[in-house]
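**Student:** build me a structure from this.
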Amino acid sequence: MQAVSFVRSVFAPKWSSDVHLEGKTAIVTGANTGIGKETAKDLAGRGVRVILACRDLAKGEQAARDIMREVNGANVVAWQLDLADTKSICQFAENIYNTEKELHYLINNAGVAICPYAMTVDGYELQFGVNHLGHFFLTFLLLDLLKHSAPSRVINVSSAVHIMGKIQFDDLSGEKDYHPVRAYAQSKLANILFTRELAKRTEALGVTAYSVDPGMVNTDITRHIRRPLVGLFKAFGFMLKNPAEGAYTTIYCTVTPENQLFTGGYYRDCASAKTCRAGQDDSTALKLWAVSCHLLGIRWR
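**Tutor:** Numbering: from 1, shown residues only. Presented below is the predicted three-dimensional model:
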């Protein structure tokens, strides 16, 4: 057990910060468990008002109670958000505008991974629809509030698995040839490309954007991975970060001064990192932006 703790400490990023952010507001999607919950807990401890955006409202409310019990003076609330349903996203955004005067941090953390073929309410392949399109649409709807609150940030949680990804423009919904790992990798590559293009369009408006790789984390997102693979990971616990460790880089990109970060950049283990070549393809990023707008029926210049 001591060996596992030692090896895990080697792989965990050596970073900490005592920055306080009183008066700031953050939204964390998928914050009822795992990395999202730990991110919300950390920010609440820094004085941030945190909105837990969760598909399962009951679980979100329980997470909010947990955080308020563990963090003295935490200002946390849970609201329902289903990223697989554009109507739910619209309702969530309307609620934000009706109740919040400012929004400083939008942390697009929620996701589904390596799951059997399924579709969103609006007819998109689930992983692409939730991990990319849902967060793309949410960011679009909340951009006015982010601009009003500038300087503000958008943080998109991606994955090292993006290196296996390719944007299949002729089969984004996987109807011709679906493979759960390829679909997940595509969605995580889309997170990075979205971040790059978003940063170009919003930097002058005071809104910066970052994509992060939390590392290999032992969370509920592994539930669709074959049991032998999960068993292997758990047998060698040092390979897996716990959720708190997995949240480090997201928190790093939230609290680090902007002049020490590169908007549009990709971060891993609390430091700037390189994506694969596909993650640096600006022409693909621009095409993905245009296709995403078309699929969602929006104009975003």
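
**Student:** contacting residues for the residue nearest the centre of the chain?
**Tutor:** For the chain, the residue nearest the mean C-alpha position is residue 109 (2.4 Å; C-alpha atoms, centre = their mean). Taking C-beta atoms under 8 Å, 6 or more residues apart in numbering, we find residue 109 in contact with 28-31, 35-36, 39, 155, 157, 250. Where you see a C-beta, it was placed from the backbone N, CA and C, and this is true even at glycine.

**Student:** how far away is it from residue 157?
**Tutor:** 5 Å (C-beta to C-beta, to the nearest Å).

**Student:** what do those two both touch?
**Tutor:** 35, 250.

**Student:** quick check: buried residues in stretch 154-169?
**Tutor:** Residues of stretch 154-169 classed as buried by neighbour count (16 or more other C-beta atoms under 10 Å): 154-162, 164-165, 167-168.

**Student:** ok, now stretch 105-122?
**Tutor:** Quick answer for stretch 105-122 (16+ other C-beta under 10 Å): 105-115, 120, 122.

**Student:** where along the protein do the helices fall?
**Tutor:** For the chain, the helices defined by DSSP state H occupy 2-11, 34-45, 57-70, 86-99, 126-127, 135-148, 180-202, 227-235, 243-246, 248-255, 282-296.

**Student:** separation between the residue lying closest to residue 211 once chain neighbours are set aside and residue 91?
**Tutor:** Among residues not flanking residue 211 along the chain, residue 195 sits closest, at 4.0 Å (C-beta to C-beta, 6 or more residues apart in numbering). Plainly put, residue 195 is 25 Å away from residue 91 if you go by C-beta to C-beta.

**Student:** which one's more surrounded, those two?
**Tutor:** Neighbour comparison, residue 195 and residue 91: the larger count goes to residue 195, with 27 against 15 (by other C-beta atoms under 10 Å).
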